[in-house]
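In: sequence and predicted structure below; questions after.
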Amino acid sequence: AGVYMDIRNVLVTGRLREALRELEKRFPGIRFDFQAEGEPAKAEYDGYIGFALAPGLKLQALKWVHSLGAGVDGLLLNGRFSPGTLVTRTVGEMPRRIARYCRMCLLMEAYRLPDVLAANQRQIWRQPELPDSPKEVLVFGTGAIGREIAWQLSQEGYSCSAVSRSGSPKAPFQRVEREYSAYQGQEFAWLINALPLTRETVDYFDWELFSTLGPANFINIGRGRTVVEADLLRALDAKLLGRCYLDVTATEPLPPHSPLWRYPDIVITPHIAGLTAQEEAVEEAAATLTRILAGQPVPNTVDLQRGY
């Protein structure tokens, strides 16, 4: 069942704020304020839309908080809301886009494209030795994103297993376990991180995990802070990890002095796998607000206890 909320004042922040001015036309009875991310809130609001909380925002006054991304850690880890606060998130086409990114990584590695492109920079024409193509993949997270990754990879002939909080069976995974240690001794070509950032997943990918499940390639499209980056580099040095495709890092933007840049087997992309599109942001925010004002069920609600 839905819960009606009387939303009158909404603060919108972040890079998509100009596109979200469309909301003023669709909801003329609501006052919207727009400001850059990081600017202090200048008033009290009962609604908030953004990627991260604005400094000085009176959290106890908020009735509704909407994330412009699929991840909500930028909102939840830095704020304590009233028990009745409704937190929602943008999903849209993100699972499909993120899964396509993962497919891209697997195809790039199948042709050793990072090595080919590095040779291009040195004007060297060299055919790489193509790797064998084992088809076992371990996905961490069985939510909408993890499942879509498995669906798309299964179309390429990969067999996907998973680790999840519940360990409950979910299609299209061949096997789901609560603990990654259950897979010790099994060989995987790829480990794919699709976990949200919660208090339980901070530093989840550490030396123990890599040494238990390696050697394998690694993709991180979850959150940077779920990985102990020093342990990832140690695992690369120990040949427990092959190629690492990192779309997210603990610090973003990644500073030039980060040792991650210096490893040729690390491919870094600037958090683009699930980048929120303007139209998607507007339509999901509008649809969510419409449901709230009508007292209808809201499908994209976040569980505040679980953090996703």
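Out: Sure, I can see it. Numbering: from 1, shown residues only.
In: when you work out contacts or count neighbours from here on, use the C-alpha atoms and nothing else.
Out: Will do.
In: where do the strands sit along the chain?
Out: Using DSSP state E, the strands of the chain run over residues 9-13, 31-35, 47-50, 64-67, 86-89, 136-140, 159-163, 175-177, 190-193, 216-220, 241-246, 266-268.
In: of these, which is nearest residue 114?
Out: With Cα to Cα, the closest approach to residue 114 among those belongs to strand 266-268: 7.7 Å.
In: count of residues packed around the nearest residue to residue 6 once chain neighbours are set aside?
Out: In this structure, residue 6 finds its nearest non-sequential neighbour in residue 293, 6.5 Å apart by Cα to Cα, 6 or more residues apart in numbering. Neighbourhood size, residue 293 [other Cα atoms under 10 Å]: 14.
In: how far away is residue 293 from residue 60?
Out: Here the criterion is Cα to Cα, to the nearest Å. By it, residue 293 lies 20 Å from residue 60.
In: distance of residue 254 relative to residue 243?
Out: From residue 254 over to residue 243 the distance is 19 Å, taken as Cα to Cα.
In: pick out whichever of those two has more residues nearby.
Out: residue 243 (21 against 16).
In: what comes up buried for the helix or strand of the chain with the lowest mean pLDDT?
Out: Lowest by mean pLDDT, DSSP states H and E among the helices and strands of the chain is helix 73-76, with a mean of 84. Of the residues in helix 73-76, 73, 75-76 count as buried by neighbour count, 16 or more other Cα atoms under 10 Å.
In: quick check, nearest of the residues you listed to residue 264?
Out: residue 73 (29.9 Å).
In: any idea how many residues pack against the nearest residue to the closest one once chain neighbours are set aside?
Out: In space, not counting the residues next to it along the chain, residue 73 is nearest to residue 197; the distance is 5.8 Å by Cα to Cα, 6+ apart. Taking other Cα under 10 Å as the criterion, the count of residues near residue 197 is 23.
In: low pLDDT regions in the stretch 101-250 of the chain?
Out: Counting by pLDDT under 70, the stretch 101-250 of the chain shows no low-confidence range.
In: please verify my assumption that residue 53 contacts residue 75.
Out: Yes: under the criterion of Cα atoms under 8 Å, residue 53 is in contact with residue 75, at a separation of 5.5 Å.
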